[in-house]
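Chemist: Predicted model and sequence below, questions to follow.
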Amino acid sequence: MKKRRISNVLLFNPWIVDFAAYDFWQKPYGLLHVGAVLKERGFNVSLLDCLDRFDPVLSFRHHKEDGSGKYFKEVIEKPQVLDDIPRYYGRYGFPYDLVVRKLKALDPPDIVLLTCMMTYWYPAAKEAVSLLRSIFPDAIIVLGGIYATLCPDHAQRVVKPDILVRGAGEQKILEILSNIDSEIRKDYSHSECCQFSRPLYDLYPQLNHVGVMTSRGCPFHCDFCASRLLSEYKRYPTDAVIDEINHWYHQRNVQHFCFYDDALLVDADEYSKPLFRYFAGHKKDIHFHLPNGIHPRYLDEELAFLFKAAGVRTIRLSYESKNQTLQREMNKVSDDELERALEYLHRAGYPLDSIGVYLLMGLAEQTFEDVSASADYIARLGAKINLASFSPIPGTREWIKSIQVNLWDEKNDLLLSNNTLFPIWSGKYGYSACMEFLNRLKEKNIKLAAA
C-alpha cells in the first residue's frame, strides 16, 4: 500500500439488518476502545454510530427510563435466501439519508475503522463499505469486530474492505498505521496497547448509558459460544473500572451502566465484590445492568446483597437447560446452583419475577420436550424465562457438531444462521412449528407477570 500521512480517523458503527432488533444498552465497545488508543497517540478521531438512538438530530425517539429502547426501522428488501420467511426485514438505526448527510458533513478521514458484530449482519457492513467509498474515495477502510474475526474469508470476499483485522485491534491497528505512515511508531508492545483505556464515549453528543467491562474474554469454553475464539481472557484493575464509572457519572451525568463481561463474577473476591462494595458505600443515583448472564455458581449471598445496595437493577442468570446430560456435557449450571442463586437474590430484596433466567433453545440434541420442561421448571421457581435461540457460530464446537449430524452445512449463507430463524430446529421441525412453540413459551412469562 502506498505510503501516506494518517491524521484523521473515523470510527463507523453500521446499522443492524435483521428481522428484529432492540437496544439493550448496546455500544460498540471494542471500536471505541481502539479509538481511545489512537486518540491517546495524537490522532484526530471522530465517530458515526448509526445505532445511537439519543442523537439529537433524530426525530424518532423510543426510550425507556433505564435507557433501553427500540431502534428506528426502515423496511428493506429481504435477501433472496430469506424469501421464504414470512416477516419484514429491516435496517435498524439511523435513516440512510441521515447517514449520508452526516458523512458529508465530516472532514474527510484518511482511514475508516468499521466494525460488525453478528456474522449474519454482514449486509450492513457491505452496504457501509459501498457508501463510505462513494463519499470518501481516498480513505482506507479497515474492517474488524466479531464477524471479521470469525469469518475472515467471507468478509474479505463479500464486504471487500481494504484491510481486515482479526481479534483485538488495539496493537494491530497501530501496526497497520505504521506500515502506511512512516512517521508512526512501529514498536508498541502488546501490554502498552491493550492496557485499560477509557472508551471514547465523549464522542457522543448525548450520553444516556455506558457499557463497562471489568474483563475481556472468558475463562469458560462453552460449546455454543465463540468468546474463546475472539479474545484471550484478562481482567482490568478494579480501581480503573471504578474511576471510569465515576468519570462518566460526574462529567456527563450518566446514571445507567451496563456490564458487557462474559464472566463478571469470576474471582469475585478480588474484582466484583470490591467494585460493588464501593458503590454500595457511595450512595449515588447510579443503576447497573447485567444483561449478559451471570454464572449462578459464583453468586453468593454477600454478592446478592451488594448488588441490591449498589443499585443493580437488571439481573440475568445463565442456566441454559434442565437436561442433566446437557448440564454435564457442557459443564453448565446445575439446578441446585440456580435455586441457590435465586434464593440469595430473593433474600436481598429482588422479586423473583424481576430476575431473568436464560434458557437456550435450538441445539441439535435438544427437543421441544427438553426445552418445555426447562421452561416449566424456571416458571415454577417464579423467575422470568429469557429465551436464547441458538445460532451456529463458525468455529464453535456446537457448529461443528451440527455439521456432523447433518443439521447444518458449513457452506450455508451466514444469513441463515440468524437465531430468529431457529437455524438448526427449522431443519428438524420446520420454521412454523418453532414459532408456535416459541409463542407458547412466551405465554408462561405473560402468566407470571399477571400472577
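Modeler: Yep, it's here.
Chemist: So the nearest residue to residue 223 once chain neighbours are set aside versus residue 385, what's the distance?
Modeler: Excluding the flanking residues, the one nearest residue 223 by Cβ to Cβ, 6 or more residues apart in numbering is residue 397, at 4.1 Å. Yep, even glycine has a C-beta here, placed from its N, CA and C like the rest. In this view, residue 397 and residue 385 are 25 Å apart by Cβ to Cβ, to the nearest Å.
Chemist: out of those two, which sits in the busier spot?
Modeler: residue 385 (21 against 13; other Cβ atoms under 10 Å).
Chemist: immediately after the host helix or strand of the more buried one, which helix or strand?
Modeler: When elements are assigned from DSSP states H and E, residue 385 belongs to strand 384-389. Remark: after strand 384-389, the chain's next helix or strand is helix 397-404, criterion DSSP H and E.
Chemist: And the helix or strand just after that next one, what does it pack against?
Modeler: Downstream of helix 397-404, the next assigned helix or strand under DSSP H and E is helix 425-429. On a contact count with 3 or more Cβ pairs under 8 Å, 6 or more residues apart in numbering; DSSP states H and E, helix 425-429 meets helix 431-450.
Chemist: so the strand holding residue 385 versus helix 431-450, what angle?
Modeler: 160 degrees (axes from the mean of the first three to the mean of the last three Cα atoms, to 10 degrees).
Chemist: one step back: confidence score at the residue nearest to residue 223?
Modeler: Residue 397 carries a pLDDT value of 91.
Chemist: The strand holding residue 385 pairs with which strands, parallel or anti?
Modeler: Using DSSP bridges, the strands paired with strand 384-389 are strand 355-361 (parallel).
Chemist: the inter-axis angle of the partner strand versus helix 397-404?
Modeler: 30 degrees.
Chemist: Name the residues of strand 355-361 that are buried.
Modeler: Using 16 or more other Cβ atoms under 10 Å as the test for burial, strand 355-361 gives 355-361.
Chemist: Looking at these, which one is closest to residue 272?
Modeler: residue 355 (17.4 Å; Cβ to Cβ).
Chemist: residue contacts, the closest one?
Modeler: When the contact criterion is Cβ atoms under 8 Å, 6 or more residues apart in numbering, the partners of residue 355 are 315-317, 342, 345, 383-384.
Chemist: at 6 Å what do you get?
Modeler: 315, 345, 383 (Cβ atoms under 6 Å, 6 or more residues apart in numbering).
Chemist: Please report how far it lies from residue 260.
Modeler: Applying Cβ to Cβ to residue 355 and residue 260 gives a distance of 19 Å.
Chemist: what do you get for residue 271?
Modeler: Applying Cβ to Cβ to residue 271 and residue 260 gives a distance of 15 Å.
Chemist: what about the residue nearest to residue 146 when sequence neighbours are not counted, distance to residue 16?
Modeler: Of all residues not flanking residue 146 in the chain, residue 117 sits nearest, at 5.2 Å (Cβ to Cβ, 6+ apart). Residue 117 sits 8 Å away from residue 16, going by Cβ to Cβ.
Chemist: who's more crowded, those two?
Modeler: Taking other Cβ under 10 Å, residue 117 and residue 16 do not tie; residue 16 has more neighbours (23 against 19).
Chemist: Next, format the contacts of residue 355 as CSV and append pLDDT and distance to residue 418.
Modeler: Compiled in CSV, the contacts of residue 355 are given as follows (pLDDT from 0 to 100; distance: Cβ to Cβ, whole Å):
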residue, pLDDT, distance to residue 418
315, 97, 27
345, 98, 33
383, 95, 27
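Chemist: Give me the contacts around stretch 260-276.
Modeler: Contacts of stretch 260-276 (Cβ under 6 Å, 6+ apart): 29, 211, 213-215, 218-219, 227, 235, 238, 294-295, 298, 306, 310.
Chemist: Please point out which parts of it sit buried.
Modeler: 260-266, 268, 271-273, 275-276.
Chemist: pLDDT and secondary structure for those residues - can I get that in TSV?
Modeler: Formatted as TSV, the buried residues of stretch 260-276 follow (pLDDT from 0 to 100; DSSP: H, G, I helix; E, B strand; the rest coil):
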residue	pLDDT	secondary structure
260	92	coil
261	92	coil
262	90	coil
263	91	coil
264	95	coil
265	95	coil
266	94	coil
268	95	coil
271	95	coil
272	96	helix
273	97	helix
275	97	helix
276	97	helix
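Chemist: Can you tell me which of those residues lies closest to residue 428?
Modeler: residue 262 (28.6 Å).
Chemist: Can you give me the distance of that closest one to residue 288?
Modeler: 16 Å.
Chemist: now swap in residue 104 and tell me
Modeler: 39 Å.
Chemist: okay, these two: which has more neighbours?
Modeler: Set side by side, residue 104 and residue 288 show more neighbours around residue 288, with 20 against 10, by other Cβ under 10 Å.
Chemist: ok, the more buried one to residue 238 distance?
Modeler: Taking Cβ to Cβ, one finds residue 288 at 14 Å from residue 238.
Chemist: and what of residue 94?
Modeler: Taken as Cβ to Cβ, the span from residue 94 to residue 238 is 36 Å.
Chemist: what about those two, which has more around it?
Modeler: residue 94 (26 against 17).
Chemist: What sits closest to the more buried one if chain neighbours are left out?
Modeler: That would be residue 50: by Cβ to Cβ, 6+ apart, it lies 4.5 Å from residue 94.
Chemist: quick one: that neighbour and residue 93 touch, right?
Modeler: Yes - the pair residue 50 / residue 93 is scored as a contact, 4.0 Å apart, by Cβ atoms under 6 Å.
Chemist: which neighbours do the two share?
Modeler: residue 15.
Chemist: who has more neighbours, these two?
Modeler: Neighbours were counted for residue 50 and for residue 93 using other Cβ under 10 Å; residue 93 has more, 27 against 24.
Chemist: Show the contacting residues for residue 254.
Modeler: With Cβ under 6 Å, 6+ apart, residue 254 has these contacts: 207, 210, 248.
Chemist: Tell me which stretches of the stretch 1-150 of the chain form helices.
Modeler: 29-40, 96-104, 122-135, 146-150 (DSSP state H, counting those that start in this stretch).
Chemist: Fine by me, thanks again.
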